[in-house]
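In: quick one, structure for this:
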Amino acid sequence: MIRFDILTLFPGMISPMFEDSILKRAIDNNLIEIHLHDFREFSKMKHHNVDDSPYGGGAGMVLMIEPIYDCLHSIDGFDKALKILLTPQGVKYTQEKAKELKEYNHIILICGHYEGFDERVRTLVDTEMSIGDFVLTGGEIPAMVIVDSVSRLVPGVLHNEESAPTDSFEDNLLEFPQYTKPYDFMGMKVPDVLLSGNHKEIDKFRKEEALKRTKERRPDLLEKRQG
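Out: Below is the predicted model:
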């Protein structure tokens, strides 16, 4: 089992993700555990503020360290958990990172908002991660991305355990094209090899198509594969 603790100002943005489909089933089967923490509840300010204007001036508001620190320290086993700050300045999140995170029993994700964090928040975590070279309104979406991508790697979460090794980005390849009924849709036909029953030829076709698609769409992945 992997336990995820998510520190956020907007737990209502995240909670619906765990109320349906694969992740709900994973929770019900005790394969993953999710805890949401509103660190606004740890504010000592009169109106429960968690942000303030930056020293030195500038636009926007900055999240204060104190409510995040207190919230973090209220979590059982926080000291031994992997603590991740979600920020555009972090290392880029990839499928390889998802595989690494799967090996942890306890992961804590800290979501930012507004103009950013007090710099001292960085001292509370083990690493910083970004899901891409773009800026979002907060860390809630990255937190959901990480929980989803890691959870599906946990044995038993997916019904079809054989599908994960053929997913895009496995072995630095994009997934091969797939087809289902009808065989002929408006003149667009399923490749005959997939109906041949010859599994050796089918595997060969899929590998060739995966390489072709990767070369066309993500040649950078092939460079990593060859390196």
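
In: buried ones in stretch 183-202?
Out: Buried residues in stretch 183-202, counting neighbours by 16 or more other CB atoms under 10 Å, are found at 190, 194, 202. Using the backbone N, CA and C atoms, a C-beta is placed for each residue, glycine as well.

In: ok, now stretch 144-160?
Out: By 16+ other CB under 10 Å, the buried positions in stretch 144-160 come out as 144-147, 149-153, 157.

In: tell me the one of the residues you listed nearest K224?
Out: Using CB to CB, S149 comes nearest to K224 of the buried residues of stretch 144-160, at 18.3 Å.

In: ok, the closest one to P142 distance?
Out: Separation of S149 from P142 (CB to CB, to the nearest Å) stands at 11 Å.

In: among the buried residues of stretch 144-160, which are in helices?
Out: Of the positions in these, 144-147, 149-151 sit in helices, assigned by DSSP state H.

In: looking at those residues, which is nearest I34?
Out: V147 (7.2 Å).

In: excluding covalently adjacent residues, which one is nearest to the closest one?
Out: Excluding the flanking residues, the one nearest V147 by CB to CB, 6 or more residues apart in numbering is F4, at 5.3 Å.

In: for that neighbour, give me its contacts.
Out: 32-35, 107-109, 147 (CB atoms under 8 Å, 6 or more residues apart in numbering).

In: show me how to select, in PyMOL, the buried members of those.
Out: Those of those that count as buried under 16+ other CB under 10 Å are selected in PyMOL with:
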select buried, resi 32+34+107+108+109+147
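
In: can you tell me which of the contacts of F4 are in strands?
Out: With DSSP state E as the criterion, strands contain 32-35, 107-109 from among the contacts of F4.

In: from these, pick the one nearest N172.
Out: I107 (24.6 Å).

In: enumerate every residue touching the closest one.
Out: I107 makes contact with 2-5, 81-82, 84, 101, 146, 150, according to CB under 8 Å, 6+ apart.

In: reformat those as JSON lines; add distance to P67 and pLDDT.
Out: Listed next are the contacts of I107 as JSON lines, based on distance: CB to CB, whole Å; pLDDT from 0 to 100:
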{"residue": "I2", "distance to P67": "26", "pLDDT": "98"}
{"residue": "R3", "distance to P67": "22", "pLDDT": "98"}
{"residue": "F4", "distance to P67": "20", "pLDDT": "98"}
{"residue": "D5", "distance to P67": "15", "pLDDT": "98"}
{"residue": "A81", "distance to P67": "19", "pLDDT": "98"}
{"residue": "L82", "distance to P67": "21", "pLDDT": "98"}
{"residue": "I84", "distance to P67": "18", "pLDDT": "98"}
{"residue": "L101", "distance to P67": "25", "pLDDT": "98"}
{"residue": "I146", "distance to P67": "22", "pLDDT": "98"}
{"residue": "V150", "distance to P67": "26", "pLDDT": "98"}
